[in-house]
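S.K.: sequence plus the predicted model coming up.
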Amino acid sequence: MDLLLLEKSLLGIFVAVVVAITISKLRGKRFKLPPGPLPVPVFGNWLQVGDDLNHRNLTGLAKKFGDIFLLRMGQRNLVVVSSPELAKEVLHTQGVEFGSRTRNVVFDIFTGKGQDMVFTVYGEHWRKMRRIMTVPFFTNKVVQQYRFGWEAEAGSVVEDVKNNPEAATNGIILRRRLQLMMYNNMYRIMFDKRFESEDDPLFVRLKALNGERSRLAQSFEYNYGDFIPILRPFLRGYLKICKEVKERRLQLFKDHFVEDRKRLASTKSMNNEGLKCAIDHILDAQQKGEINEDNVLYIVENINVAAIETTLWSIEWGIAELVNHPEIQKKLRHELDTVLGVGHQITEPDTYKLPYLQAVVKETLRLRMAIPLLVPHMNLHDAKLAGYDIPAESKILVNAWWLANNPANWKNPEEFRPERFLEEESKVEANGNDFRYLPFGVGRRSCPGIILALPILGITLGRLVQNFELLPPLGQSKIDTTEKGGQFSLHILKHSTIVAKPREF
């Protein structure tokens, strides 16, 4: 560390101590803050609770401090709510007050400081981006237009697995083929394109860059520099890698997809009749001056992460639970055969006739919530919550996983039991009609992708169970479902080998 950096660091520590003491005084005299562990100067609660603020660790703190508690992470306030009543207050009743997004040093890079839709602050830009994205992505018309493509992609997965002799014997990592399916599902909608195989060079590049982006963004490794700004010089190498990955991804989106559609538009009339895919609508908005080129690329970035990755995680969790619960898999197969007829391949309209399939999807989203803390919220101004003062620009986490797994509110929540959604919880839906169950959030900043995710989950799980007996590898009674959490994500640590024995029709 050179002398100039040391001098700046020492000055920063002095300033941070002064700020911490000032806040401590305000805590006692002006603000009635939520309960929580006692912070220390500069570091706050960081040394006590660590970097890994996953849903299970935050649940443990909620059991100690209550349904609302405050963590002082360096210079950042982090408020965690863990009850349906408080979730309703944050997401619905005070949806405007808590409707902004907090970011961090890494997400600032990947979203151009909120030029996207998901991480922008609540306001005119968010309303504009949400409106522009809704028509080409998040309507029933889109589902009906593209469901045939989803069904075809699921059918291709089935055929490829059947034609792979390893699948029925030693097993395969099914996730790899499902990843190609999910990219094709979303790239059909976005660009009217698909990738022919897992070996497609463009797909390989795209998958690698998106995977690196997810790894860098979801890691807890950079939290110290985000919590304590004076430590950010030590993140220079990390942030440089993030910037390089961001630039390479956006350039790939631009060169191979966005510019292709622009060239196509220049060769034919792109009126409303000719708008064939989502990017055409988005480029039309750019041409009208509603958004700029960077906004276009950040919309593509959002879909690559928020739509593809999260749905893939949920499919993978659903398969894992069906493999580990053969009696549930058998019951689901019986429903499919009985309602649709043996060999009749499930389509999107069929999913509404299959209550047990819907229950399996709901239970997967309950027990294995892909975004267990939802995307963080933020209040731009001082606010009140549950009688406490919430200082401006606090990061608000809703522990949606605990809402859906709290034994005070659910019967034996640790069990994977789809029947609960046909019995005692039969009125609970994934759309947020019950604040105990919010896999997609609710309110202004809820995930609009629910309209795509639910049918894709139903079609994919249905086709696999119809056509295969899904088993763990020989010699294993179950596959490993150890969780791996990120900044606010939850997926399987190890992508397991699955044996897929074709059924005889």
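M.R.: Ah, there it is.

S.K.: CA atoms for contacts and neighbours, from now on please.
M.R.: Noted.

S.K.: what number of residues lie near Pro34?
M.R.: Each residue near Pro34 was counted by other CA atoms under 10 Å, and the total is 21.

S.K.: can you read off the pLDDT for it?
M.R.: According to the prediction, Pro34 has pLDDT 98.

S.K.: report the contact partners of it.
M.R.: Pro34 makes contacts with Ile68, Phe69, Leu70, Val79, Tyr388, Asp389, Ile390, as judged by CA atoms under 8 Å, 6 or more residues apart in numbering.

S.K.: Val339 contacts Tyr356, doesn't it?
M.R.: No - Val339 is not in contact with Tyr356 according to CA atoms under 8 Å; the separation is 10.9 Å.

S.K.: compare the two and say which is more crowded by neighbours.
M.R.: Neighbour totals were compared for Val339 and Tyr356, and Tyr356 leads with 21 against 12 (other CA under 10 Å).

S.K.: do you know how far that one is from Lys246?
M.R.: Relative to Lys246, Tyr356 is positioned 42 Å away (criterion: CA to CA, to the nearest Å).

S.K.: same check on Ala408?
M.R.: To Lys246, Ala408 is 43 Å away according to CA to CA.

S.K.: and those two? which has more neighbours close in?
M.R.: A direct count of neighbours by other CA under 10 Å for Ala408 and Lys246 places Lys246 higher, at 21 against 9.

S.K.: tell me which of the contacts of Pro34 is nearest to Leu373?
M.R.: Nearest to Leu373, judged by CA to CA, of those is Val79 at 11.8 Å.

S.K.: quick check, the closest one in a strand?
M.R.: Yes - under the criterion used here (DSSP: H, G, I helix; E, B strand; the rest coil), Val79 sits inside a strand.

S.K.: in JSON lines, list the contacts of Pro34 along with pLDDT and distance to Glu309.
M.R.: JSON lines is the format used below for those (pLDDT from 0 to 100; distance: CA to CA, whole Å):
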{"residue": "Ile68", "pLDDT": "98", "distance to Glu309": "30"}
{"residue": "Phe69", "pLDDT": "98", "distance to Glu309": "30"}
{"residue": "Leu70", "pLDDT": "98", "distance to Glu309": "30"}
{"residue": "Val79", "pLDDT": "98", "distance to Glu309": "27"}
{"residue": "Tyr388", "pLDDT": "98", "distance to Glu309": "36"}
{"residue": "Asp389", "pLDDT": "98", "distance to Glu309": "36"}
{"residue": "Ile390", "pLDDT": "98", "distance to Glu309": "33"}
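
S.K.: out of those, which end up buried?
M.R.: Neighbour-count burial (16 or more other CA atoms under 10 Å) applied to the contacts of Pro34 gives Ile68, Phe69, Leu70, Val79, Asp389, Ile390.

S.K.: quick check: pLDDT value at the closest residue to Asp116 other than its chain neighbours.
M.R.: In this structure, Asp116 finds its nearest non-sequential neighbour in Tyr298, 4.9 Å apart by CA to CA, 6 or more residues apart in numbering. Note on Tyr298: pLDDT of 95.

S.K.: how about Lys8?
M.R.: Note for Lys8: predicted pLDDT of 47.

S.K.: now do the strands in the protein.
M.R.: Taking DSSP state E as the test, the strands found in the chain are 68-73, 76-81, 377-378, 383-385, 388-390, 395-398, 468-471, 483-485, 490-492, 499-502.

S.K.: tally of neighbours for the residue nearest to Asp116?
M.R.: Around Tyr298 there are 21 other residues, counting by other CA under 10 Å.

S.K.: surely it touches Thr111?
M.R.: Yes - the pair Tyr298 / Thr111 is scored as a contact, 6.4 Å apart, by CA under 8 Å.

S.K.: compute the distance between Glu290 and Lys113, please.
M.R.: Counting by CA to CA, the gap from Glu290 to Lys113 is 18 Å.

S.K.: need the contact list for the closest residue to Tyr352 other than its chain neighbours.
M.R.: Nearest non-adjacent residue to Tyr352, counting by CA to CA, 6+ apart: Gln358, 7.7 Å away. The contact partners of Gln358, by CA under 8 Å, 6+ apart, come to Thr351, Tyr352, Gly458.

S.K.: any chance of those residues in CSV, plus neighbour count and distance to Thr497?
M.R.: Output for those, formatted as CSV (neighbours: other CA atoms under 10 Å; distance: CA to CA, whole Å):
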residue, neighbour count, distance to Thr497
Thr351, 20, 27
Tyr352, 12, 30
Gly458, 22, 22
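
S.K.: from these, which is closest to Lys362?
M.R.: Nearest to Lys362 among those, with distances taken as CA to CA, is Gly458, at 10.1 Å.

S.K.: hang on, isn't that closest one packed against Leu357?
M.R.: Yes - if you go by CA under 8 Å, Gly458 and Leu357 touch, sitting 6.8 Å apart.

S.K.: can you pull the buried residues of stretch 52-71?
M.R.: Under the neighbour-count criterion of 16+ other CA under 10 Å, stretch 52-71 has 52-55, 58-59, 61-62, 66-71 buried.

S.K.: ok, stretch 205-219 next?
M.R.: Across stretch 205-219, burial judged by 16+ other CA under 10 Å covers Leu206, Lys207, Leu209, Asn210, Glu212, Arg213, Leu216, Ala217, Gln218, Ser219.

S.K.: I appreciate the help and will end here.
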